[in-house]
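[1] Turn this into a structure:
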Amino acid sequence: VGFLGISHLLCLFLCCVVCFFFFFFFQAEDGIRDVERSRGLGDVYKRQLLGNLIKDKVQRKTYYDNALRIFGQLRKEKEELANTYFNVASLLDDESEIAENSKKAIAIYEKLKIKSIMRANAYYTAAKQAKKVGNAEEANNYGKLAYDSYKNLLYPESEKAVEVAKEFNLSV
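    Coordinates of the predicted model:
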């Protein structure tokens, strides 16, 4: 305690105590530390719920994308099947088989809501076959569908649409 003296030591001790007290107790209030306040367990559960919802949404999107891909493949396969029915119908000689295959192709095209020249051709073939058999009502129905398909796919004054309209006496 030689050269400092008791008063100096007491003053130094008080300064240390004040600095220690100030350093540990006034930091948060002075903005030195940014401690996030605890908001209780409810926030933890909310964060977990939000995380699970996001994860579920990602999984649902993956399932949805896979389902669309599979549906697209099935749709393509069914469209190819319909095209095959129609192509086979155009190669056959038996009138009833031509009509049957054309109608199978039409059913698939309509179920899949496929609008194509093949569908229009299938309508036209079915209309011609119905006309040959003598079924005027069915011939006119398929003729109208063929005309509408050609008109929508090509243009109203296309040769094929005009030909169908004339052949089945459709008012255009």
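
[2] Which stretches in the chain count as helices?
    Taking DSSP state H to define them, one finds helices in the chain at 6-25, 27-30, 41-91, 95-112, 117-133, 136-153, 159-167.

[3] distance of the closest residue to residue 123 other than its chain neighbours from residue 56?
    Nearest non-adjacent residue to residue 123, counting by Cβ to Cβ, 6 or more residues apart in numbering: residue 146, 3.7 Å away. Every residue, glycine included, has its C-beta placed from N, CA and C. Computed as Cβ to Cβ, to the nearest Å, the residue 146 to residue 56 distance reads 48 Å.

[4] Show the contacting residues for the residue nearest to residue 123.
    Applying Cβ atoms under 8 Å, 6 or more residues apart in numbering, we find residue 146 in contact with 120, 121, 123, 124, 127, 164.

[5] Format the helices of the chain as CSV; extra columns: mean pLDDT.
    As requested, these are exported to CSV (pLDDT from 0 to 100):
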stretch, mean pLDDT
helix 6-25, 77
helix 27-30, 52
helix 41-91, 73
helix 95-112, 82
helix 117-133, 87
helix 136-153, 88
helix 159-167, 83
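
[6] which of these sits most buried?
    Stretch with highest mean neighbour count among these: helix 117-133 (a mean of 21; mean count of other Cβ atoms under 10 Å).

[7] Could you list every helix and strand that it packs against?
    Contacts defined by 3 or more Cβ pairs under 8 Å, 6 or more residues apart in numbering; DSSP states H and E place helix 117-133 against helix 41-91, helix 95-112, helix 136-153, helix 159-167.

[8] All good on my end, thank you.
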